[in-house]
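> only geometry, no sequence info:
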């Protein structure tokens, strides 16, 4: 069992030492000795936040904090799930097939560049929603179709407004994304950490 | 101002119209970026003058610098940050003093002016007064997470901006709703939230006042992420010390989260103003804060004769 003597250290020193220790190697058991109540509480909290069961005993002014955790596999999974939950969710809503106002030709060029560059948001890009004229980017012949196809393959949810496709009579020309309704869009807005409107 | 009761700064009456306020504050770096550390240290030092209703006029740099281990360019950046903050506050830098030290420290001594009849002290609370806080809590805990390499860049950026923000606009708003130069001030007390945490500073206001305070836990603005880091045990030792010192004055209702208790005692760096304002004027003050671009302007509780010299967190 790994043992850390963190006596004499002020908070958050003991927590940081514990952090280093459990990050260095995959431990099942760890023991940390601290000399004050505050450090005991903080170390217990930290261990619990990392999937350990924590307990502490006091002996002559010293606190012995014990951390135990079960199978590493389940821990890893819990960690991944937690990380997924903590990942920021960005929703991009595109309501036009031209970026900005002014010259249409330039607007289209900018839109292609915008859609292509969106991938730089990485995993935080969570939903890409097309409404109104934006749905025209998802139909046969659209210049960004290959890029959108790539995104979809990589797991990005692309939502396309059904009412809008119907209105433009493009329902059967759509080549990428799921047809969606306003309730889904509103719900996604509510869940997202950030909504970007184009 | 005597020394019997703690206040934010020293005040000396020069004439019937002018008193000078003097204060000094300096500390070790809290963010890695030297320029922003300079800004934060300066904003923090100037804050005491604002909390008393004064206008800072001149300042001197205080520097402790490890000449042997650190490049002078770092010091230049820190001082540039401080200077830019002083310019923003219309404060003139008139000098300073530096020493060689193992640990880097920076701050200011500040002199400001105030009308002797228009000084906002910490302890003139009145029954029914509303308490307004002008910056969110959590900087101590988040700074601890930064030291532990656990805070995201986004969080660092956000709290850096908050800590570097002057309390000037909040002070101006406070003065504008309480313009009377004698007698009927509608703002009865003010302090800035720093090392003792919200409850520590509030306890100083309540002591010997004969009155108490009821805080509404869910109205208190807390920086997002603070709960997460507090839950990971990244609570600075100062928070626990503050709690031990003032615990006896505070009663938490059973619904209050343990993590929030730590946050309410969390030492703040360059925290906001805690303004105690007449009930009738509270909305006007909130509106004035909004007009002046003060983002946080939360009514977090009220003064009450029901809890004599105690603080209830509900």
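Nice, I can see it. Note that the coordinates shown come from a computational prediction; the quantities given were computed from them, not determined experimentally.
> Setting aside sequence neighbours, what's the nearest residue to the residue nearest to the spatial centre of chain A?
For chain A, the residue sitting closest to the mean C-alpha position, by Cα atoms, centre = their mean, is residue A:87 at 1.7 Å. Spatial nearest neighbour of residue A:87, excluding adjacent residues (Cβ to Cβ, 6 or more residues apart in numbering or on different chains): residue A:123 at 6.1 Å. Placement of C-beta: from N, CA and C, glycine included.
> what number of residues lie near that neighbour?
For residue A:123, the neighbour count with other Cβ atoms under 10 Å in any protein chain shown is 14.
> and residue B:75, how far is that from residue B:89?
With distances taken as Cβ to Cβ, to the nearest Å, residue B:75 is found 21 Å from residue B:89.
> And for residue B:192?
14 Å.
> The two: who's more crowded?
Comparing residue B:192 with residue B:89 by other Cβ under 10 Å, the one with more neighbours is residue B:192, at 26 against 22.
> from what I can see the more buried one touches residue B:275, true?
No - Residue B:192 is beyond contact range of residue B:275, at 10.0 Å (criterion: Cβ atoms under 8 Å).
> Quick one: residues contacting residue 68.
Chain wasn't specified; assuming chain A. By Cβ atoms under 8 Å, 6 or more residues apart in numbering or on different chains, the contact set of residue A:68 is A:28-29, A:52-53.
> that's the wrong chain, I wanted chain B
Residues in contact with residue B:68, defined by Cβ under 8 Å, 6+ apart, are residue B:100.
> and the helix or strand bottoming out on mean pLDDT in chain B, how far out from the chain's middle?
Counting by mean pLDDT, DSSP states H and E, chain B has its least confident helix or strand at strand B:10-13, which shows a mean of 90. Between the centre of strand B:10-13 and the centre of its chain there are 20 Å (Cα atoms, centre = their mean, to the nearest Å).
> Give me the helices and strands touching that strand, please.
With contacts taken as 3 or more Cβ pairs under 8 Å, 6 or more residues apart in numbering or on different chains; DSSP states H and E, strand B:10-13 sits against strand B:19-27.
> rerun that using 10 Å as the cut-off
When contacts are defined as 3 or more Cβ pairs under 10 Å, 6 or more residues apart in numbering or on different chains; DSSP states H and E, strand B:10-13 packs onto strand B:19-27, strand B:105-114.
> JSON lines for the ones you listed, including mean neighbour count?
What follows is the helices and strands packed on strand B:10-13, written out as JSON lines (neighbours: other Cβ atoms under 10 Å in any protein chain shown):
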{"stretch": "strand B:19-27", "mean neighbour count": "19"}
{"stretch": "strand B:105-114", "mean neighbour count": "22"}
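> Quick check: which of those is nearest to residue B:219?
Each of the helices and strands packed on strand B:10-13 has some distance to residue B:219 by Cβ to Cβ; the shortest is strand B:19-27, at 28.6 Å.
> and the helix or strand following the closest one, what's its mean pLDDT?
Of the helices and strands lying after strand B:19-27 in sequence (DSSP states H and E), the nearest is helix B:34-51. The average of the pLDDT scores along helix B:34-51 is 96.
> If we ignore the residues flanking it in sequence, what's nearest residue B:197?
Nearest non-adjacent residue to residue B:197 (Cβ to Cβ, 6+ apart): residue B:265, at 4.1 Å.
> Distance check, that neighbour against residue B:249.
12 Å.
> okay, and the common contacts of these two?
Counting by Cβ atoms under 10 Å, 6 or more residues apart in numbering or on different chains, the shared contacts of residue B:265 and residue B:249 are B:199-200, B:203.
> and the gap between the closest residue to residue A:194 other than its chain neighbours and residue A:198?
Nearest residue to residue A:194 in three dimensions, chain neighbours excluded: residue A:90, at 4.8 Å (Cβ to Cβ, 6+ apart). Distance, residue A:90 to residue A:198, using Cβ to Cβ: 12 Å.
> where do the contact lists of the two overlap?
With Cβ under 10 Å, 6+ apart as the test, residue A:90 and residue A:198 both reach residue A:118.
> does the residue nearest to residue A:194 have beta-bridge partners, and which?
residue A:125, residue A:194 (DSSP bridges).
> wait, what's in contact with it?
Contacts of residue A:90 (Cβ under 10 Å, 6+ apart): A:118, A:121-128, A:192-196.
> switch the cut-off to 6 Å
Shown in contact with residue A:90 (Cβ atoms under 6 Å, 6 or more residues apart in numbering or on different chains): A:121, A:124-126, A:194.
> Out of those, which is nearest to residue B:305?
Nearest to residue B:305 among those: residue A:194, at 46.0 Å, using Cβ to Cβ.
> Tell me how many other residues surround that closest one.
Residues lying near residue A:194 (other Cβ under 10 Å) number 12.
> Read off the pLDDT value for it.
92.
> got a list of what residue B:102 touches?
Residue B:102 touches residue B:66, counting by Cβ under 6 Å, 6+ apart.
> I meant to write residue B:306 there.
Residue B:306 makes contact with no residue, according to Cβ under 6 Å, 6+ apart.
> Roughly how far does it sit from residue B:213?
Distance of residue B:306 to residue B:213, computed by Cβ to Cβ: 10 Å.
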